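# Fold the following, please.
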Amino acid sequence: MSLPTQLTDFEGVWSIWRRIEDTLGAQSGTFQGSANIAADGENYVYGERGTLTLETGATFTSERRYIWRAAGPGRISAFFDDGRAFHEIALDGPTDATHLCPPDTYRVAYDFAAWPIWRATWQVTGPRKDYRMTATYQRA
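Residues are numbered from 1 along each chain as shown. Presented below is the predicted three-dimensional model:
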């Protein structure tokens, strides 16, 4: 088993299962869907779509899109789809990053130990936010 070393290792379609544990707003739930990571010039587009199901039983279609760009050996820069910087994904060292969106703080830790299954765990805190999201990705 080898670990990912570059952006192209992520190219393709991924199945996603995400658990959201909200300790402040009582909006816990799960997300099931897929992500497609595809080259678009020098960038890669990360597009995900699926169904968010809250513990109340309410369901929603959920979509998000990011731009990924190689940022040197073993590093990927993630941007919001409007071009604003989001965070950096390190493949060759500490796998955690922080994104400040005052007054909220978004911390992520990536786990590639079981590659090609990988996880992203977000801890989000702020005056009106306190939740943890753990997403597991597996090749579709």
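
# Next, count neighbours for Ala58.
For Ala58, the tally of surrounding residues (other Cβ atoms under 10 Å) stands at 10. For every residue, glycine as well, the C-beta is placed using N, CA and C.

# Which phi and psi values does it adopt?
Main-chain torsions, Ala58, degrees, to the nearest 10: phi -70, psi 140.

# got the buried residues for the helix or strand of the chain with the lowest mean pLDDT?
Ranking every helix and strand in the chain by mean pLDDT, DSSP states H and E puts strand 96-101 at the bottom, with a mean of 91. For strand 96-101, burial by neighbour count (16 or more other Cβ atoms under 10 Å) applies to 97, 99.

# neighbouring contacts of it?
Strand 96-101 is contacted by residues 86-90, 105-110 when judged by Cβ atoms under 8 Å, 6 or more residues apart in numbering.

# Of those residues, just the buried ones, ChimeraX syntax please.
Filtering those down to the buried ones (16+ other Cβ under 10 Å) takes a single ChimeraX command:
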select :86,87,89,90,106,107,108,110
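
# for the contacts of strand 96-101, which one is nearest Asp22?
Nearest to Asp22 among the contacts of strand 96-101 is Tyr106, at 14.2 Å by Cβ to Cβ.
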